[in-house]
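Enquirer: What would the 3D arrangement of this be:
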Amino acid sequence: MTGIMGLSKKNNFVLAIRDADVIAAALRRALAEASPQDRPGLERAAALVESTAAATESQLRARWVRSRLAAVGFTGDITSVAAVKALRQAEPKLSLLAAVQLQKEAVAHPE
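Expert: Here you go, the predicted structure:
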């Protein structure tokens with residue numbers, strides 16, 4: 001996931017977009033037609049997609065927060081004010097309230 005819809009100064013909601021089900025279906029089709037040497041890799045890929053698809057929206061947002069913080073080079077304490085500042089630097093349209101809410105989700109779901 002490279003971005004989250006709904007970020008703006010007027011909107012404090014965040015909509016997570018998933019497409020793991022589409023990817024899982026494509027992997028199942030490929031697995032059904034796979035040669036014996038390709039099966040182990042496709043089975044591993046399918047298992048990874050299924051485990052990722054099981055993540056809650058809150059977990060997805062926490063993962064997104066960490067990726068955005070990494071994108072701006074933030075390596076400090078995720079519970080800090082500096083983390084909120086870095087998140088808003090990464091996403092300038094993000095309101096302070098939304099940034100704090102996203103920070104709380106990231107703290108609640110450590111990697």
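Enquirer: Any buried residues in the helix or strand hosting Ala25, and which?
Expert: Per DSSP states H and E, Ala25 falls inside helix 20-32. By neighbour count on 16 or more other CB atoms under 10 Å, the buried set for helix 20-32 is 20, 23-24, 27. Where you see a C-beta, it was placed from the backbone N, CA and C, and this is true even at glycine.
Enquirer: any idea which of the residues you listed is closest to Val107?
Expert: For those, the closest approach to Val107 (CB to CB) belongs to Ala20, at 24.3 Å.
Enquirer: So the closest one is in contact with Ser51, correct?
Expert: No - the pair Ala20 / Ser51 is not scored as a contact, 9.6 Å apart, by CB atoms under 8 Å.
Enquirer: From Ile23, how far off is the nearest residue to Ala20 once chain neighbours are set aside?
Expert: Excluding its sequence neighbours, the residue lying closest to Ala20 (CB to CB, 6 or more residues apart in numbering) is Ala53, at 3.6 Å. Distance, Ala53 to Ile23, by CB to CB, to the nearest Å: 8 Å.
Enquirer: Quick check: the gap between the residue nearest to Ala20 and Ala106.
Expert: Separation of Ala53 from Ala106 (CB to CB): 20 Å.
Enquirer: The two: which has the busier surroundings?
Expert: Taking neighbours as other CB atoms under 10 Å, Ala53 and Ala106 compare with Ala106 leading, 24 against 13.
Enquirer: For that one, which residues are in contact?
Expert: Ala106 is in contact with 61-62, 65-66, 78, counting by CB atoms under 8 Å, 6 or more residues apart in numbering.
Enquirer: What about Ala96, how many residues nearby?
Expert: Just so we're on the same page, residue 96 is Leu rather than Ala. Number of residues near Leu96 (other CB under 10 Å) recorded here: 13.
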